[in-house]
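Asks: Requesting a structural model of the entry that follows:
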Amino acid sequence: MKKLVILFASLISFSFLSAQKQNDKGLYIDDSSIPGLASGALFNGVISKTQDGIKSEFTVKEGVITGEATYYYASGNKMEIGTFTNGQKDQKWVRFNENGTTSAIAFYNLGKKTGTWLVFDESGKKRFEMNYDNGEKTGLWTSWDESGAIAGTKDYSHTN
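Replies: Below is the predicted model:
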């Protein structure tokens, strides 16, 4: 049991001492500075990093972002949550403003915009509704003014 505890503690220590970086193909790899540990192997695990004041946490499998991703403002408040599949935005993504109100809802299908996208103002009122199909604008797009009245529409329906 003692050996198991030492091994576990060592593995945890090594995970903090090693870093991950992206190679020239955009895959996350281990960049270990610890002698005897492999460097350059495809990374598997959770990456938490901060860049330009935005913290991100996401899961990587075989070097590719896969699964839920969460982004935070410098204040620590949640900025955006969504899912990646094989490195592509996929499924539902939700963005929040600094006070935690939903500011946008979007959908992707393996990196391509799809479905109905919504944008809300600071108070949570719907301001825009847009539709996408396979990355292309489609259907009726609508915008609303501050009072909730329709401010404009544009029809992107494709006619053959």
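
Asks: Enumerate every residue touching S56.
Replies: I47, S48, K49, T50, A69, T70, Y71, Y72 (CB atoms under 8 Å, 6 or more residues apart in numbering). Every C-beta, even on glycine, is put in place using the N, C-alpha and C of the backbone.

Asks: And for the residue nearest to the last one when sequence neighbours are not counted, the neighbour number?
Replies: So the one you mean is Y72. In space, and not counting its chain neighbours, Y72 is closest to K55: 4.2 Å by CB to CB, 6 or more residues apart in numbering. K55 has 16 neighbours, counted by other CB atoms under 10 Å.

Asks: S75 is in contact with K55, correct?
Replies: No. Between K55 and S75 there is no contact under CB atoms under 8 Å: 10.2 Å.

Asks: who's in contact with L27?
Replies: L42, E62, G63, V64.

Asks: Compare those and tell me which is most surrounded.
Replies: Result: G63 is most packed of the contacts of L27 (other CB under 10 Å), 20 neighbours.

Asks: What residues does the closest residue in space to I81 that isn't next to it in sequence make contact with?
Replies: Take I81 and drop its neighbours on the chain: the residue closest to it by CB to CB, 6+ apart is T70, 5.0 Å away. Contacts for T70 (CB under 8 Å, 6+ apart) come out as S56, E57, F58, K78, E80, I81.

Asks: for the residues you listed, which one is nearest N134?
Replies: E80 (22.8 Å; CB to CB).

Asks: Name the residues linked to that closest one by a beta bridge.
Replies: Residues in a beta bridge with E80, per DSSP bridges, are Y71, R95.

Asks: Just give me the neighbour total for it.
Replies: 18.

Asks: how near is S75 to L27?
Replies: 32 Å (CB to CB, to the nearest Å).
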